[in-house]
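In: everything below, folded, please.
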Amino acid sequence: MNDIYNAEHPARQTAIKIIEKVIEPMVGKGINGEEYYDLEDKITFMIAEKNEAVKSEDMNYDEYKEFPITSVCHTDLKGIGFDCDKVDDGTMIELASKMADAYCDCCFWSNLEIIAENLGIKKLIIK
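Out: Numbers count the residues shown, from 1 in each chain. Predicted coordinates for the structure are as follows:
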């Protein structure tokens, strides 16, 4: 199964390993007062809290379902001539975050509109 939300998905496992190195796991309380002790539990509770917040705002939950767009890896950097021997996961996380910001600032919205129209998605008529 190639579902990123599957606990066994390689990308999820890699993300957990990266987060464990970057963020110190903490004991805390979940949405119903349950304690969580490890990062996997913390992630589960954080997702549940986000889902509950979206549902409680009386919105159409499916409208907020997210779909991944892209990713970045060492091979991408090597492909454009960078030496990645000393680039750690923390630097890659920062790079990915800044790339996401740059994409949103630069061309995300115009590309979204063009590609959606090319796929035949109808625009709402605003009066």
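
In: what's Ile121 sitting at in phi/psi?
Out: Phi and psi for Ile121, reported as degrees, to the nearest 10, are phi -80, psi 130.

In: that one: neighbour count?
Out: By the measure other C-beta atoms under 10 Å, the count of residues near Ile121 is 10. Quick note: C-beta positions are derived from backbone N, CA and C, even for glycine.

In: residue ranges for the strands of the chain, please.
Out: Along the chain, counting by DSSP state E, strands occupy 28-29, 35-36.

In: average pLDDT for the first one, rounded please.
Out: In this model, strand 28-29 carries a mean pLDDT of 55.

In: one more: stretch 107-123?
Out: Mean predicted lDDT for stretch 107-123 stands at 92.

In: point out where the protein drops to low pLDDT.
Out: For the chain, the stretches flagged by pLDDT under 70 are 1-7, 15-61.

In: domain-wise, how is the protein divided?
Out: 1-66, 69-127 (automatic domain parsing).

In: what is the end-to-end distance of the last one?
Out: Domain 69-127 has an end-to-end distance of 32 Å (criterion: C-alpha to C-alpha, to the nearest Å).

In: stretch 115-127 too?
Out: Stretch 115-127 has an end-to-end distance of 24 Å (criterion: C-alpha to C-alpha).

In: please enumerate the helices of this protein.
Out: For the chain, the helices defined by DSSP state H occupy 10-22, 39-56, 74-79, 89-106, 108-118.

In: how about the third one: buried residues?
Out: This points to helix 74-79. Buried residues in helix 74-79, counted by 16 or more other C-beta atoms under 10 Å: none are found.

In: same deal with stretch 101-117?
Out: Result for stretch 101-117 [16+ other C-beta under 10 Å]: no buried residues.
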